[in-house]
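Mind looking at a prediction? Sequence and model below.
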Amino acid sequence: MPTPHNTTLPSYACPQILAGQKALVTGASSGIGKAVAIGLGRAGADVVVNYVSNEETAREIVSQIESFGVKALAFKADVSKEAEVQAMFKAMLDAFGTIDILVANAGLQRDAPIDAMTLEQWNTVMAVNLTGQFLCAREAVKEFKRRGVREDISVAAGKIICMSSVHQIIPWAGHANYAASKGAINMLMQSMAQELAPLRIRVNSIAPGAIRTPINRPAWETPEAYAKLMDLVPYNRIGEPEDIAQAAVFLASDMADYITGTTLFVDGGMTCYPGFDEGG
């Protein structure tokens, strides 16, 4: 029976493939967002660490990023609020001069059976998970279009990475608002990619599967829960936030220059529907 374990990912020598670039990661004070912000900084980018609570943790992440010899800034903003998003982008442009990479990661869950789900629960998830990505992408695109390609920095005028989920294609009973928001993110991403590709602005998504983060702690923190979770993961280990960070660094780099309008599933094979591995 598989048991919980602390997976140690390989320690790669990370080239400064994002040197000179300016990145914003929303929801970056914990979990996937934290790992992505640190990963981008390690790869050479200056990073804005967006948070909505826990300022002390956000500042600790800033210090860790700065230890790589790059700049970092913590900024509190609720991505579902237009004025707060606009203030965050103004602060970033004032501090860093521009933006090259947006990782729209901020998201939350408000779970309930469909007949018990309140309108507030529905609207809160949609406002943060979907509208938040729209608001941040809109502001980033304004700057990408104003500035154009910085050919000494990147072959693209800008890169947007939307954080989705395997639940953009896998239904999730009891989580209809969350799954619907992620399905909508997929179409938002593809529509933006289609619109912006002629301007050399790339838009892609990352769809994590089961990742060891605080939001899903009950699914992995006991041996029994972990074993049950592994029934859904053919690769037979939980994902780590660093797995997502490495994917984000790749998609933000010029190595991924011919990739736009696609979703990279980082899920250990969860979308292979392992329940059908013996004939269904």
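Now that the structure is in, tell me what you want to look at. Residues are numbered from 1 along each chain as shown.

in the stretch 1-150 of the chain, which spans are helices?
31-42, 55-66, 82-96, 119-125, 132-147 (DSSP state H, counting those that start in this stretch).

Make a markdown table out of these and add distance to residue 273 and mean pLDDT.
Backbone N, C-alpha and C define where each C-beta goes, glycine included. As requested, the helices of the stretch 1-150 of the chain are exported to a markdown table (distance: least, C-beta to C-beta, whole Å; pLDDT from 0 to 100):
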| stretch | distance to residue 273 | mean pLDDT |
| --- | --- | --- |
| helix 31-42 | 23 | 98 |
| helix 55-66 | 36 | 98 |
| helix 82-96 | 37 | 98 |
| helix 119-125 | 25 | 98 |
| helix 132-147 | 27 | 98 |
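
ranking the ones you listed by burial, who's on top?
Across these, averaging neighbours per residue (mean count of other C-beta atoms under 10 Å) puts helix 31-42 on top, at a mean of 26.

Now tell me which helix or strand of the protein has the poorest mean pLDDT.
Least confident helix or strand, the chain: helix 223-230 with a mean of 92, by mean pLDDT, DSSP states H and E.

before we move on, back to that, of the helices of the stretch 1-150 of the chain, which is nearest residue 234?
For residue 234, the closest of those is helix 31-42, at 21.1 Å, according to C-beta to C-beta.

Centre of the chain to that closest one, how far?
9 Å (C-alpha atoms, centre = their mean, to the nearest Å).

So in the protein, which strand runs the longest?
strand 201-208 (DSSP state E).

mean confidence for that one?
The average pLDDT within strand 201-208 is 98.

Grab the CA positions of it and hand them over as PDB.
The C-alpha coordinates for strand 201-208 follow below in PDB (Å, rounded to 0.1, in the frame of the first residue of the first chain):
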ATOM      1  CA  ILE A 201       2.000  37.200 -26.700                       C
ATOM      2  CA  ARG A 202       1.800  33.600 -25.500                       C
ATOM      3  CA  VAL A 203      -1.000  32.300 -23.300                       C
ATOM      4  CA  ASN A 204      -1.100  28.800 -21.800                       C
ATOM      5  CA  SER A 205      -2.400  27.000 -18.700                       C
ATOM      6  CA  ILE A 206      -1.000  24.500 -16.200                       C
ATOM      7  CA  ALA A 207      -3.500  22.000 -14.900                       C
ATOM      8  CA  PRO A 208      -2.200  20.400 -11.700                       C
END
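
Show me how far stretch 273-280 is from its chain's centre.
Per C-alpha atoms, centre = their mean, the centroid offset for stretch 273-280 relative to its chain is 29 Å.

for stretch 269-279, that is, sorry about that
Using C-alpha atoms, centre = their mean, the offset of stretch 269-279 from its chain centre is 25 Å.

Over to stretch 54-66?
Worked out by C-alpha atoms, centre = their mean, stretch 54-66 lies 18 Å from the chain centre.

If anything else comes up later, I'll come back, but that's it for now.
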